[in-house]
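Participant: What follows is a predicted protein model with its sequence.
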Amino acid sequence: MPAAHTILFLGIGGAGMRGLAHLRNSQGNEVIGLDGNPKALSDPALAEFDMRTEDSLASALAEADQVIYTDALTADHPWRQAATAAGRPARSLYEAEGEFVKDYRVIAVAGTHGKSSTTGLLAHILLEAGIDLTVRVGAPMPAWDNRNARLGSGEWLLIEADEYQNHFHHFHPEVAVITSIDFDHPDFFASLEAVHQSFSTFLGQVSPAGTVVVPEQVQQRHAAINWPSTTISVSTDDSLPVFGDHMKSNASLALTVAAQLGVSQATAAAALTTWPGIGRRFEQLGVIRDVPVFSDYGHHPAELAATLLAAQERFPDGRLLVLFEPHTVARATQFGEAFSEALKSAAGVIRVPIFRARGEDVSVAAEAALTQALTSQISGLITTDSLEAGVTALQQEVSNYDAVLAFTAGSLDAVLRDFFTQKNA
């Protein structure tokens with residue numbers, strides 16, 4: 001039977017893009033994928049799609065009747081311009097997701113930190129309880145062959161909802177979960193007040209009979225937000241079997257939503273004990289000279305501090321070495337002192353160059369300012385001029401530590417994975 005549509009995904013390698021592509025492919029559509037990273041052609045998680053190279057863009061556009069692009073492609077990007085010239089209707093990922101979710105009862109998980117972990121936890125609990133829901137999460141799920149999504153047969157859809165560029169304004173959920181609120185994305189939001197306004201707009205789009213679930217300390221701390229009268233304020237259960245206060249808070253939210261959907265406390269608690277975790281969230285990549293090496297997507301000072309506390313809880317008597325890849329010039333410039341404060345509890349820190357995103361230029365000034373801020377709080381800071389040099393320094397230093405935690409929302413994670421693949425070959 002012919003596919004209902006042929007959809008070209010431009011920049012398919014991103015978490016949200018590959019997630020929606022899987023959902024549309026699972027519905028019987030044909031998905032063609034292009035990505036600027038050549039490694040996408042051999043990515044096992046993208047093997048289900050018809051992956052093409054950039055030189056086949058014209059033929060891909062000729063075959064496709066729909067085009068979906070990642071927000072990393074600006075309006076003047078040649079790929080988007082080619083789609084316009086070819087007369088193909090093109091939508092951003094979040095416009096396309098907003099259209100996709102209209103067929104479901106939606107649970108949207110938003111927040112500056114903890115979205116992926118909370119979405120993954122809640123998905124696992126509901127699936128274990130027999131609720132066959134559709135899910136799109138912002139991280140690889142080991143239980144789903146490291147895919148970011150699954151198509152269910154039920155009426156519920158669970159989706160991670162991102163505040164960046166007001167993306168979550170495309171959703172009108174029945175249940176909204178707010179994990180945390182903080183000033184982030186300084187390249188888009190001018191202030192915490194602007195973040196508050198964005199969240200207030202999102203919460204105003206929750207269906208009138210719907211529910212908002214939020215940690216009580218978050219609601220109290222951010223009283224400027226227009227919290228709906230149906231908001232459920234959740235206290236953290238410190239006895240839950242996960243490491244770190246932030247993960248206990250995330251799990252408490254997931255258990256509360258599950259209860260709202262009729263899942264018994266016993267079933268939800270049992271599911272929590274079998275949760276396998278998600279990719280790039282305190283994920284162990286391998287071992288170097290008997291020292292475990294973890295990768296974490298943390299890229300905001302609050303995330304680094306929370307994950308370090310969880311690591312110290314897991315290794316209470318251990319010396320922790322941090323491999324730090326600052327994510328974006330804008331964050332490095334805005335949060336230099338906060339990064340320094342967050343990392344000072346580590347026994348050692350190796351810093352690699354700032355990851356540049358969305359067309360950011362190399363910033364010698366930002367690199368120097370961040371190094372100065374880190375040096376003020378961290379004795380023995382090691383600064384390297386490349387990702388590979390960072391891995392070399394890691395190998396030289398690792399014997400002095402009991403665990404390694406790499407904070408990498410950029411390219412360092414892939415370099416580390418390649419290192420362990422070659423090491424174990």
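Facilitator: Thanks, I have the structure now.

Participant: centroid residue for the protein?
Facilitator: Centroid check for the chain by C-alpha atoms, centre = their mean gives Gly138 as the closest residue, at 4.4 Å.

Participant: and the next element down the chain from the helix or strand containing that one?
Facilitator: If you go by DSSP states H and E, Gly138 is part of strand 134-141. Moving toward the C-terminus from strand 134-141, the first helix or strand encountered (DSSP H and E) is strand 147-150.

Participant: tell me the mean pLDDT for that following strand?
Facilitator: Averaging pLDDT along strand 147-150 yields 95.

Participant: Note down every partner strand of it and its orientation.
Facilitator: Note on strand 147-150: by DSSP bridges, its sheet partners are strand 134-141 (antiparallel).

Participant: circling back: and the residue nearest to the centre of the chain, what is it in contact with?
Facilitator: Ala15, Gly16, Gly19, Lys115, Ser116, Thr119, Asn148, Glu160, Asp162 (C-beta atoms under 8 Å, 6 or more residues apart in numbering). Using the backbone N, CA and C atoms, a C-beta is placed for each residue, glycine as well.

Participant: Wait, the second one touches Ser92, no?
Facilitator: So the one you mean is Gly16. No - at 10.1 Å, Gly16 and Ser92 do not qualify as touching, with contact defined as C-beta atoms under 8 Å.

Participant: Name the residues contacting each of those two.
Facilitator: Thr70.

Participant: So for the two, which sits in the more crowded spot?
Facilitator: A count of neighbours by other C-beta atoms under 10 Å puts Gly16 above the other of Gly16 and Ser92, at 23 against 17.

Participant: Tell me the spatial nearest neighbour of that one, not counting adjacent residues.
Facilitator: If the residues on either side of it in the chain are set aside, Gly16 comes closest to Leu93, at 5.2 Å by C-beta to C-beta, 6 or more residues apart in numbering.

Participant: contacting residues for the one you found?
Facilitator: With contacts defined as C-beta under 8 Å, 6+ apart, Leu93 is in contact with Gly14, Gly16, Met17, Leu20, Ile68, Tyr69, Thr70, Asp71.

Participant: Are any of these buried, and if so which?
Facilitator: Among the contacts of Leu93, those buried by neighbour count (16 or more other C-beta atoms under 10 Å) are Gly14, Gly16, Met17, Leu20, Ile68, Tyr69, Thr70, Asp71.

Participant: Show me these that map onto helices.
Facilitator: Judged by DSSP state H, the subset of the buried ones among the contacts of Leu93 located in helices is Gly16, Met17, Leu20.

Participant: And the last one, what's its pLDDT?
Facilitator: pLDDT for Leu20: 98.

Participant: swap in the one 5 residues further on?
Facilitator: At Asn25, the model reports a pLDDT of 97.

Participant: At which residues are the strands of the stretch 251-400 of the chain located?
Facilitator: 283-288, 291-296, 320-325, 348-351, 382-383 (DSSP state E, counting those that start in this stretch).

Participant: buried stuff in the first one?
Facilitator: Neighbour-count burial for strand 283-288 flags Glu283, Leu285, Gly286, Ile288 (criterion: 16+ other C-beta under 10 Å).

Participant: Give the partner strands of that strand in its sheet and their orientations.
Facilitator: Partners of strand 283-288 in its sheet, by DSSP bridges: strand 291-296 (antiparallel).

Participant: surely Asp71 meets Ser92?
Facilitator: Yes - here Asp71 lies in contact with Ser92, judged by C-beta under 8 Å, at a distance of 5.7 Å.

Participant: Packing partners of the longest helix anywhere in the chain?
Facilitator: The single longest helix within the chain, with elements called by DSSP H, is helix 245-260. The contact analysis (3 or more C-beta pairs under 8 Å, 6 or more residues apart in numbering; DSSP states H and E) places helix 245-260 against helix 115-128, strand 175-178, strand 211-215, strand 231-234, helix 265-272, helix 301-314.

Participant: Compute the inter-axis angle for it and helix 301-314.
Facilitator: Relative orientation of helix 245-260 and helix 301-314, computed by axes from the mean of the first three to the mean of the last three C-alpha atoms, to 10 degrees: 100 degrees.
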